[in-house]
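*Asks:* can you look at this prediction? I've put the sequence above it.
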Amino acid sequence: MKFYKYQGTGNDFVMIDDRENRFDDQDLALVSRLCDRKFGIGADGLILIRNHPKYNFEMIYFNADGSQSMCGNGARCAVAFAEFLGIIGEKTHFLAIDGDHEALIKEGLVELKMGNVSGIDQVKTDCFVNTGSPHHIRFVDQIEEYPVVEEGRKIRYDQRYSPGGTNVNFIQPISSDEIFVRTYERGVEDETLSCGTGVTAAAIAFAQDQKAATVKIKTRGGNLSVRFRRNADGTLEDIWLIGPAQQVFAGQIDL
Ligand SMILES: N[C@H](CCC[C@H](N)C(=O)O)C(=O)O
């Protein structure tokens, strides 16, 4: 089977052109094996690109443990992959697990329109936002030294989020329009170098008092930006996640 490796600010994915529907999407053990960094190709997740009667393509995303969710960085990489395959031009309308998305490729970056967000829930001194996947948000100091895996795991498995769990993002403001974000990712069960739905949730939490905002985000894997508008009722729309998506290599693997 031919596969490609893509990374979006260090969040990396095995990408498969599965327009012939040959990949067994019920074989979660295979997904985990392909994502295994020692016994497989190695990635945070695996993405299938499939045909769809109403959209340019459908993206099926699996975390490394085989669970499915919406993946912002993965979706940006899927758009770049679809353009590489000649499925799309610079604009697209595709389907993911959380619904349909517009995206465009502009000045070497992929701009992805995220789903609307109903609002922000306060969780003691932290908060929670669902941006297509669930995200607990905590503001911290000395983020570089913060025990992200230890603290992230505690929150991810907290009873309050049982049984599905949540992703956990730690944020340190850098300036009035820039934050540094580190993420413990559900389904990877480790810190990832960046998380697209996570930085989107972080930007929304950071600019809670703004009607419209563009937030710059630094992550360990690179830089992203998020812009959005907030309605009077607290719902958020016109949310865009913008950043790079690169093809790292292509290969063959015997299944
Ligand atoms: N681990 C997440 C999905 C991938 C999120 C992340 N890779 C992104 O870019 O949004 C979850 O299970 O909710």
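*Replies:* Sure thing, it's come through.
*Asks:* contact residues of this protein facing the ligand?
*Replies:* Contact residues (Cβ under 6 Å from any ligand atom) of the chain with the ligand: 11, 44, 63, 67, 69, 71-74, 133, 167, 185-188, 195-198. Yep, even glycine has a C-beta here, placed from its N, CA and C like the rest.
*Asks:* so which of those residues are in helices?
*Replies:* 72-74, 196-198 (DSSP state H).
*Asks:* among those residues, which one has the most neighbours?
*Replies:* Within these, Asn73 tops the neighbour count with 35 neighbours, counted by other Cβ atoms under 10 Å.
*Asks:* got the contact list for that residue?
*Replies:* Neighbouring residues of Asn73 by Cβ atoms under 8 Å, 6 or more residues apart in numbering: 8-9, 11, 13, 194-196, 243, 245.
*Asks:* want to throw the residues you listed into CSV with distance to Gln26?
*Replies:* Formatted as CSV, those follow (distance: Cβ to Cβ, whole Å):
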residue, distance to Gln26
Gly8, 26
Thr9, 31
Asn11, 25
Phe13, 20
Ser194, 29
Cys195, 26
Gly196, 26
Gly243, 32
Ala245, 28
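*Asks:* among the residues you listed, which one lies nearest to Ser118?
*Replies:* Gly196 (18.8 Å; Cβ to Cβ).
*Asks:* wait, what's in contact with that closest one?
*Replies:* Gly196 sits in contact with 8, 11, 71-76, 112, 224, 241, 243, where contact means Cβ under 8 Å, 6+ apart.
*Asks:* any idea how far Thr131 is from it?
*Replies:* Distance, Gly196 to Thr131, using Cβ to Cβ, to the nearest Å: 9 Å.
*Asks:* between the two, which contacts overlap?
*Replies:* Gly72.
*Asks:* which residues touch the helix or strand containing Ile242?
*Replies:* Using DSSP states H and E, Ile242 maps to strand 236-243. Applying Cβ under 8 Å, 6+ apart, the external contacts of strand 236-243 come out as 8-9, 72-73, 76, 109-117, 119, 131, 196-197, 199-200, 204, 222-231.
*Asks:* buried among those? Need that as a selection in PyMOL.
*Replies:* Remark: buried members of the contacts of strand 236-243, expressed as a PyMOL selection using 16 or more other Cβ atoms under 10 Å:
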select buried, resi 8+9+72+73+76+109+110+111+112+113+114+115+117+119+131+196+197+199+200+204+222+224+225+226+227+228+230
